[in-house]
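Undergrad: Below are the sequence and a predicted model for it; my questions follow.
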Amino acid sequence: MSLTRSDVAARVLADCVPEPVDAFEAFAPVNIALCKYWGKRNALLNLPVNDSLSVSLAKKGSTTKVCWLPEQAEDEVILNGDAVDRDSSFYKKVVAHADLFRSLVPGALRVETVNSVATGAGLASSASGFAALTRALAGVYGLPLNDEQLSILARMGSGSASRSVYEGFVRWHKGVRADGMDSLARPLSEIWPDLRVGVLTLTSEVKKTGSREGMQRTVDSAILYGAWPEQAERDIARIEHAIAVRDFTLLGATSEQNALAMHATMLASWPPLLYWQPESVAVLQKVWQLRADGLQVYATMDAGPNVKLLFEAGSEADVRLAFPDIDVVVPFG
Ligand code: 2P0
C-alpha cells in the first residue's frame, strides 16, 4: 500500500512531545531555482525526479502567524489581511498542511500570512508560504524540529518550499526512499555578496496551467522529458562548481540553459505548454544582444511569463539602464 502524507508526517514527528503556545510567527524567503525542479516521481509526497538548486531572495517572502484556538470550531485563513473563502483551494491546502501536525495537537487554528512579494510578480509565493507555515506550525505546537525535518514537511505542501526553509544557496536532494525521508534541502556554505537577481514583471495575468499540472503533463506526454534528468544532473554539478570557484559566467550560462531546457520539455508536451508571452521572448532577445555587446547578464524563467535576470553588482547600472522597471534583489545583502 502506498504511503500517505500523514504517514510521512507521523514518521517525522515520531519523537516529538508537543508543548503548544498561543501563537507563533515565522518568516521564509522566496527562492529562484538556478537548476530547476520539474517532474515528480511521487505526486502525493512531492518527490522530485531530479535534484534542484536555488538562491533565496533575502527579505522577499512570507511572514506567517499561527494562533492555536482550541475553543474554536473551524480554522481561519487570512491572506494579506483578507479572510480566505473556506471553499477555495488555497484554504483547503493550508488546512491540509496543518492537518499533518494535528494528530499531535487537536484544535482549530488561525493562519495569517503576509507576502512581501506582490501577487503576479513572477515570484512563487507557494514556496515561501509553505515554508513559513511549516515553521509557524512547528513553533505554535512547540515541536523541536530541525531544518531538515522542516524541509521534509514543507516539501509536502509544495515541492519548492523544501528550499525556502533556508537563506542563500540551497540544494534540494531528490532522495531515493519511497517515504521521501531523504528528499530534503540543505544550504550550501558559500555566499556571493555581489550576486544580483533582477525581477522583470512583464504581465500579471493569471496563468492557465499551474506548475503542478504542468509538470505532470510534461512527465506523461513529452518524450523530450527523458533527457531532462541528465540535463539537470550535469547542470547542478556545474552550478555548484561555479559557486565554489565564483565563476559568474559559468553560473549564469548554466542557469539560463537549464531554464530553457526545462521550457523546451514543456513545449514538447501534449497539449503543448508554453508559459512565455511575446514580452518574455523580447526580454530574452535583449539579454542575448546585451551579452553580445559584452554585458554579463543571464536570464531564467519559471512556470510563468516573467523573466528573472542574473548579474553581478558591477553590471547593475547597465542592467538598470536596459531594463528601467527591474526590481533588483541582493540575495546576500
Ligand atoms: C522550481 N518550479 O524549481 C520550478 C521551476 C517552477 C519552475 O518549483 O506541485 O509550486 O507544489 O511541488 O513547487 C514550482 O513548483 O510545485 C516550481 P508543487 P511547485 O522552482
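TA: Structure's in. What do you need?
Undergrad: how about whichever residue of the stretch 101-250 of the chain sits closest to the ligand, what does it touch?
TA: Using CB to the nearest ligand atom, the single residue of the stretch 101-250 of the chain nearest to the ligand is G159, 2.8 Å away. (C-beta placed from N, C-alpha, C; glycine too.) Counting by CB atoms under 8 Å, 6 or more residues apart in numbering, G159 touches Y37, K40, N46, P48, W172.
Undergrad: can you pull out the helices in the protein?
TA: 5-12, 89-102, 125-140, 147-157, 211-221, 228-245, 248-267, 278-292, 316-322 (DSSP state H).
Undergrad: residues from the stretch 1-150 of the chain in reach of the ligand?
TA: Counting by CB under 6 Å from any ligand atom, the stretch 1-150 of the chain comes close to the ligand at A33, K36, Y37, W38, N46, S52, A124, S126, A127.
Undergrad: run the last query once more with 8 Å
TA: 31-33, 35-38, 40, 43, 46, 48, 52, 54, 124, 126-127, 130 (CB under 8 Å from any ligand atom).
Undergrad: Which residue ranges make up the domains of the chain?
TA: With domains defined by automatic domain parsing, the chain comprises 5-187, 195-329.
Undergrad: got the ones you listed as CSV, with mean pLDDT columns?
TA: Shown next, in CSV, are the domains of the chain (pLDDT from 0 to 100):
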stretch, mean pLDDT
domain 5-187, 96
domain 195-329, 96
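Undergrad: Of those domains, which stretch is the most buried?
TA: For those, the largest average neighbour count (mean count of other CB atoms under 10 Å) is found in domain 5-187, namely a mean of 20.
Undergrad: Distance from the chain centre to it, please.
TA: In terms of CA atoms, centre = their mean, to the nearest Å, the centre of domain 5-187 is set 11 Å apart from its chain centre.
Undergrad: what about that domain, how long is it end to end?
TA: Using CA to CA, to the nearest Å, one end of domain 5-187 lies 24 Å from the other.
Undergrad: who's in contact with the residue nearest the centre of the chain?
TA: With distances taken as CA atoms, centre = their mean, S160 lies nearest the centre of the chain, 3.3 Å away. Taking CB under 8 Å, 6+ apart, we find S160 in contact with N31, A33, Y37, S52, S54, A124, S126, A127, W172.
Undergrad: and the gap between the closest residue to the fifth one other than its chain neighbours and V55?
TA: Closest residue to S54 in three dimensions, ignoring its sequence neighbours and counting by CB to CB, 6 or more residues apart in numbering: N31, at 4.0 Å. According to CB to CB, to the nearest Å, N31 stands 6 Å off from V55.
Undergrad: about what we covered before: ok, so of the contacts of G159, who is nearest E279?
TA: Using CB to CB, Y37 comes nearest to E279 of the contacts of G159, at 24.8 Å.
Undergrad: who's in contact with the closest one?
TA: Applying CB under 8 Å, 6+ apart to Y37 gives the contacts P48, N50, S52, G159, S160, W172.
Undergrad: Between which two of the residues you listed is the distance greatest?
TA: Going by CB to CB, the pair spanning the contacts of Y37 furthest: N50 and S160, at 12.9 Å.
Undergrad: Present the helices of the chain as a markdown table; the columns should include distance to E74.
TA: Listed next are those as a markdown table, based on distance: least, CB to CB, whole Å:
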| stretch | distance to E74 |
| --- | --- |
| helix 5-12 | 20 |
| helix 89-102 | 9 |
| helix 125-140 | 17 |
| helix 147-157 | 20 |
| helix 211-221 | 26 |
| helix 228-245 | 42 |
| helix 248-267 | 39 |
| helix 278-292 | 41 |
| helix 316-322 | 48 |
